[in-house]
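Enquirer: Below are the sequence and a predicted model; questions follow.
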Amino acid sequence: MSRTRRRAAGLVLAGAVVAGVAPRLAAAATTRPNAAQVARAESRLGGRTVPDIPVTLADGRRVQLADLWRDGPLLLTFYYRRCTGTCTPFLEWVRDAVQAAGGLGSDYHVLALTFDDSETTADLRAQAAALRLLATPDWDFAVAAQADVARVAAAVDFGYRLDPATLQYDHDSLLIGIDRGRVVRALFGTPEGNDRLRELVWELRGVFLPVYRVPGNTLLRCFRFDARSGRVRLDWGLFLLVLPGVGAICLALLMFAGAGPYRRVRLTGPGAAPTPGRQ
Amino acid sequence: MRRIASLVVAIWLTAAGVAHAEGGAAAEGESLFSAKCTACHSIGGGARVGPDLQGVTARRSHEWLARFIAAPDQLIAAKDPIVVELLGQYNQIAMPNLGLTEDEVGKVIAYLAESGTAPPAAAPRPAVSPMAEPELLAPQSTILVLFLALTAVITIVFAAVASSTRAPAAVDVERAYALRRVLFFTGVTVVTALLVATIPLAPYVTADARADRVVYVAARQYDFVFSDEPITSAADLAQVPRISHLEIPAGTLVEFRVTSLDVTHGFGLYGPERQIIAQTQAMPGYFNRLLLRLDAPAQYHVFCLEYCASGHHLMRADLTVK
Amino acid sequence: MTTTRASSETLYWIAITFVLFPILTAVGIFLRTVQAGGLPGLQSWFYPLMTLHGVGMVGVWYVAAMAAVSDRLSRYVSPSPLMGRIALAGTLLGVALLLVCVFAGRFAAGWYFLYPLPFKGEWPQWAAVTFLLAMTVLGATWLLWSLDLLRAIAARYSLSQALAWHYLAGRSEPELPPAVLITTVSLIAAVAALLSGVVLLVLFYVELLAGTASDPLLMKNLTFFFGHTLVNLTLYLGIALVYDLLPVYAGRPWKTNRIVATSWNCVLLIVLFAYFHHMYMDFVQPGALQAIGQIASYASAIPAAVVTIFGALLLTYRTRMRWNLGSTLIFLALAGWAIGGVGAVIDSTISANVRLHNTLWVPAHFHTYFLAGVVFMVIGYFYHRCQELTDLPENRSVQRLAVLLMVIGAYGFFAMFYLAGAYSVPRRYAIYPAELAFGAKYAGAAAAFAATFLLGFILYLAETGKRWLRVVRPGQ
């Protein structure tokens, strides 16, 4: 199966997740999983508890997932080594985006869990090497028993299914931020741009975003959350708010400057100030 | 690549839609009804901005209903006697054009006919008899007492100054200016102290806070829709399951993610004492995140706190903490 | 000093105010009556008339204060008579458009027409367009009027003189009347507010014509920059009158000095940032701006309370005060400003605002400093003006009764708002839900108090109106 079709299958699965819980598709249903649908699928995962399963890491250690999120938040993603479709590009994207977002190790760890239980620790190391992540201590690759992976996948709506004809998996792409065993936020599919991942990282760091934007574009907003710095930044719309103040000062200066040559300067004189008494 | 993906999904979604349509026009009418009509009408839940539509298909002819739902403005302009009577009963608030096709109108009527004969899905909210003032909550009474005390001080000072004019005398301006200096520095100190003391009490969540329960709130003219997933457009209303009655276990840290589908509304949360305990604005385009712990088991109410046109005062929701 | 003649525009403005204010007050009484459960047949007019009451009152008192200040300042500077007539004509045209959209179109988006409500109500599109046109006409007219008054000041003073910067440097020559300083400050800020209104209206028209939606947060910021600031400046124009008039009655001078100059220059800065307190419950607005909103709102209390009110009280204390209808109203207006200010400062505390935002506490405080503040200042000035032009004998008992009825009526009316607001009764509800049904009781009492106020105002009108008539027709 070509990479294109794999990817399409993944999207269909994501779509199916969206549509499965929302059985009624009204007239306005859009033609592909739009931002709102993805947002809904992701929102469903918020706050869910992730089962604490035993996993085997690339170096052969056997640990519990809880051991990994005990020291700090965990970014969890799924893949399998033989994938000829989305897995490698997705992992490469995660690697680059995490590097760009910063904080790996100090603020969170990453675990890539394979859902192919036939993989060995050698496969895990090979995958790490292929991604040039062997020497990155806070990036782990892990394998676990099929039933355990299935429990985790079920808990976070992650769909994967072996196609017996091709021996390839139909699967989603999913990235989950976990804090103390609960999902903070999840990202389905390859997010366009790195901003959503950066937002997720800020939330893992404990930054509270007071507001989420509804998907959709408006010309000229006042503020935007700058995912790079984790701060709210002024946006171009604010210019329109400053404009009246600046305009008023300019107009005042103009009025006074224009009247200058004709000004009757009287240092003192009648009418300069009210005087006591009846007027 | 993406185009192929889109196509596949489109086919899948269309197939699902067709399969669903075969389930019956009434079911499709239901989603239309919930998207277009429930702001003003209920079925068996009592009159809202417009009449309760239970049994409406028995009261009115199919032909009249179809004409009215398709183009209310035409019947209003034609001074249709039924419409004139209804306008009289419902404060002259005219039904807006909904932009439904003839086919869609038929589906809505099919839904009305089906649900009109069946028993109402949910019992209407029991009529609440008018209530007297509750006991003021501590913050509210602090505010009121502070205000009344300062007002009393101002009144006394003005009265004293006014009555002093009965016995005119020269005033030592230097002493007065000294007093003004004292007042100025006292004022600056008090204001600064109050700012330092109160700004940190602002209800904005700044630190890391993970809610036990996230509730999405979509405000629209004129109701609040609770759901577990975000609703950001009228189209979502038909796709996302709603929480018909929100129940929250006592002690839960709840996060309300509040947005609006049309104009700006206010999400005013009234506690068991029927006074505001928290609020945020429901603004289209944004989710305002309101976090609070609901401890006392009781009935809570949400009232709209931003004027949103003729049904503003009817816009409300209830939730139960238990 | 001789009494200057009143221009015919001033006399027109006085007449317009005296006609529109009682009508709009009656509309207000209607609103409280509906809330009390009365007039069920007219309930559907609640929101359109609420819109009329709001826009009308804000507009009437802005123009009345501008007219009064123009009139008083014509002692020092020369506003253009032509501009005065343009202002009059533009305002009347705007009011006519407003009446059409409210009565023929049932337009009901409220006085600050928060985006995108004008496009999404039960009223027809043309009503929204007419309303926006009315706002455009009024905004453009008032912008020109404000600029003309600034021009008149500029013809006599340089900008640094008009802002009393020479007092800051320790010089008191040339002498600058405080009224000119305050008016200059108010007008510069008013131009900013009106320009904000222009930007707001342009964005509305862009959506109307091109269908490009705007950011509701940006629109809300613009709305309150415009609305809040304009209302705030109406009050400051009234204060300019107080600075000029109170010395006349107290028989003591009230001059600009370094403190007065400092505080009003601070006001120019503060007044542009205070409006953020309208956005506290929009969590999307960054926290820093919310804090600036509270700091600016608190800071504006210091120049107000310590400089102006203290100055006024010092001026009055143990002086041989000439009390009449005009001076009593002006003195009471300062108390109204102070009390309303306390209500406002409490509401501008973010942690208190959670409990008060969009409850009846909001109309409570702005009615206090509008009705018992600006209105008292301006009608006090109008009485003073008509009296100084005619010098008729003053009927002290009628004047006392008028003031007494107005004060009892106004404060009783405010108290109902404050109490209901403390109990979380929302503002702008035509009918109260059962849980808040006690709001109706307060509404009923408020309607009765407001009627009492109106009675007092009619007595005031009898006193002032006959003087006005004498000015217009000296022969009778």
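Expert: Arrived safely. Numbering: from 1, shown residues only, chains lettered A, B, ... in the order given.
Enquirer: residue ranges of the helices in the stretch 201-322 of chain B, please?
Expert: Taking DSSP state H, counting those that start in this stretch as the test, the helices found in the stretch 201-322 of chain B are B:234-239.
Enquirer: Show me which residues of it sit near chain C.
Expert: B:201-204, B:206, B:221, B:262-264, B:266, B:268, B:270, B:274-276, B:278-281, B:283-286, B:288-290, B:301, B:303-310, B:312-313, B:316 (C-beta under 8 Å from any C-beta of the partner chain). For the C-beta atoms, the positions are set from N, CA and C on the backbone; glycine is no exception.
Enquirer: which among those residues end up buried?
Expert: Buried by 16 or more other C-beta atoms under 10 Å in any protein chain shown: B:202-204, B:221, B:262-264, B:266, B:268, B:270, B:274-276, B:278-281, B:283-286, B:288-290, B:301, B:303-310, B:312-313, B:316, out of these.
Enquirer: Next step: those restricted to strands.
Expert: The members of these that map onto strands under DSSP state E are B:266, B:268, B:270, B:276, B:278-281, B:286, B:288-290, B:301, B:303-304, B:316.
Enquirer: care to break chain B down by domain?
Expert: B:20-117, B:213-321 (automatic domain parsing).
Enquirer: and the ones you listed, which one's lowest on average pLDDT?
Expert: For the domains of chain B, the weakest mean pLDDT is recorded on domain B:20-117, namely a mean of 76.
Enquirer: how far does that domain sit from the chain's center?
Expert: 23 Å (C-alpha atoms, centre = their mean, to the nearest Å).
Enquirer: got it, and stretch C:211-226?
Expert: The answer for stretch C:211-226 is 23 Å, by C-alpha atoms, centre = their mean.
Enquirer: Please see if it touches chain A.
Expert: Yes - Stretch C:211-226 is in contact with chain A by C-beta under 8 Å from any C-beta, via C:212, C:213, C:214, C:215, C:217, C:218, C:221, C:222, C:225.
Enquirer: center of chain A, which residue is that?
Expert: Compute the mean C-alpha point of chain A, and by C-alpha atoms, centre = their mean the closest residue is residue A:196, 2.5 Å away.
Enquirer: where does it land on pLDDT?
Expert: So, for residue A:196, pLDDT stands at 79.
Enquirer: Excluding chain neighbours, what is closest to it?
Expert: With sequence-adjacent residues excluded and distances taken as C-beta to C-beta, 6 or more residues apart in numbering or on different chains, residue A:196 is closest to residue A:187, at 5.7 Å.
Enquirer: tell me which element that neighbour is part of?
Expert: strand A:182-188 (DSSP states H and E).
Enquirer: Show me what the mean pLDDT comes to for that strand.
Expert: Strand A:182-188 shows a mean pLDDT of 87 in the predicted model.
Enquirer: ok, residues contacting that strand?
Expert: A:14, A:17, A:38, A:41-42, A:45-50, A:73, A:156, A:172-178, A:196-197, A:199-200, A:203-204, B:210 (C-beta atoms under 8 Å, 6 or more residues apart in numbering or on different chains).
Enquirer: coming back round to it: return the subset of the residues of stretch C:211-226 next to chain A lying in helices.
Expert: C:217, C:218, C:221, C:222, C:225 (DSSP state H).
Enquirer: hang on, the earlier thing: and the ones in strands among the buried ones among the residues of the stretch 201-322 of chain B next to chain C near chain A, which?
Expert: B:286, B:288, B:289.
Enquirer: how about residue 205, what does it touch?
Expert: Answering for chain A, as no chain was given. Counted by C-beta under 8 Å, 6+ apart, residue A:205 has contacts A:73, A:103, A:107, A:108, A:230.
Enquirer: sorry, should have said chain C
Expert: residue C:132.
Enquirer: Doesn't it belong to a helix?
Expert: Yes - under DSSP: H, G, I helix; E, B strand; the rest coil, residue C:205 sits within a helix.
Enquirer: and the spatially closest residue to residue C:15 that is not a sequence neighbour, how far is that from residue C:371?
Expert: Of all residues not flanking residue C:15 in the chain, residue C:468 sits nearest, at 7.1 Å (C-beta to C-beta, 6+ apart). Per C-beta to C-beta, to the nearest Å, residue C:468 is found 21 Å from residue C:371.
Enquirer: Which one's more surrounded, those two?
Expert: residue C:371 (25 against 21; other C-beta atoms under 10 Å in any protein chain shown).
Enquirer: Leaving out chain neighbours, which residue sits closest to the more buried one?
Expert: residue C:410 (5.4 Å).
Enquirer: helix or strand for the one you found, which one?
Expert: Using DSSP H and E, residue C:410 falls in helix C:396-422.
Enquirer: do the same with residue B:190
Expert: Going by DSSP H and E, residue B:190 is part of helix B:173-198.
Enquirer: So which elements touch that helix?
Expert: helix C:287-299, helix C:301-302, helix C:310-316, helix C:350-356 (3 or more C-beta pairs under 8 Å, 6 or more residues apart in numbering or on different chains; DSSP states H and E).
Enquirer: Among the ones you listed, which comes closest to chain A?
Expert: Chain A sits nearest to helix C:287-299 of all those, at 7.7 Å, using C-beta to the nearest C-beta.
Enquirer: which of the residues in the closest one are buried?
Expert: Per 16+ other C-beta under 10 Å, helix C:287-299 contains these buried residues: C:289, C:290, C:291, C:292, C:293, C:294, C:295, C:296, C:297, C:298, C:299.
Enquirer: Of those residues, which are in range of chain B?
Expert: Counting by C-beta under 8 Å from any C-beta, the members of the buried residues of helix C:287-299 near chain B are C:290, C:291, C:294, C:295, C:298, C:299.
Enquirer: Name the nearest residue to residue C:403, sequence neighbours excluded.
Expert: residue C:328 (5.3 Å).
Enquirer: Quick check, the residue in the stretch 51-200 of chain A closest to chain C?
Expert: Closest point on the stretch 51-200 of chain A to chain C, by C-beta to the nearest C-beta, is residue A:199, at 14.7 Å.
Enquirer: Quick check: phi and psi at residue C:177.
Expert: phi -60, psi 140 (degrees, to the nearest 10).
Enquirer: what about residue A:141, which helix or strand?
Expert: Secondary structure (DSSP H and E) places residue A:141 in strand A:139-143.
Enquirer: what's that strand packed up against?
Expert: Checking 3+ C-beta pairs under 8 Å, 6+ apart, strand A:139-143 ends up next to strand A:54-57, strand A:109-114, helix A:121-130.
Enquirer: Direction included, what does the shortest one pair up with?
Expert: Neighbouring strands of strand A:54-57 in its sheet, by DSSP bridges, are strand A:62-64 (antiparallel), strand A:139-143 (antiparallel).
Enquirer: pLDDT at the nearest residue to residue B:309 once chain neighbours are set aside, what is it?
Expert: Among residues not flanking residue B:309 along the chain, residue C:121 sits closest, at 4.2 Å (C-beta to C-beta, 6+ apart). On pLDDT, residue C:121 comes in at 90.
Enquirer: Residues of the stretch 101-250 of chain C that sit close to chain A?
Expert: C:147, C:150-151, C:154-159, C:162, C:173-177, C:187-189, C:191-196, C:198-199, C:203, C:212-215, C:217-218, C:221-222, C:225, C:244, C:247-248, C:250.
Enquirer: For PyMOL, write the selection for the buried entries among the residues you listed.
Expert: A single PyMOL command selects the buried members of those (16+ other C-beta under 10 Å):
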select buried, chain C and resi 147+150+151+154+155+156+157+158+159+162+174+175+176+177+187+188+189+191+192+193+194+195+196+198+199+203+213+214+215+217+218+221+222+225+244+247+248+250
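Enquirer: So which of the residues of the stretch 101-250 of chain C next to chain A reach chain B?
Expert: Checking these against chain B (C-beta under 8 Å from any C-beta), the matches are C:215, C:217.
Enquirer: Return the subset of the residues of the stretch 101-250 of chain C next to chain A lying in helices.
Expert: C:147, C:150-151, C:154, C:159, C:162, C:187-189, C:191-196, C:198-199, C:203, C:217-218, C:221-222, C:225, C:244, C:247-248, C:250.
Enquirer: which other residues reach the biggest helix by length in chain A?
Expert: Longest helix in chain A, counting residues (DSSP H): helix A:237-259. Residues lying outside helix A:237-259 but in contact with it, judged by C-beta under 8 Å, 6+ apart, are A:220-223, C:147, C:150-151, C:154-155, C:158-159, C:162, C:187-189, C:191-196, C:198-199, C:203, C:215, C:217-218, C:221-222, C:225, C:272.
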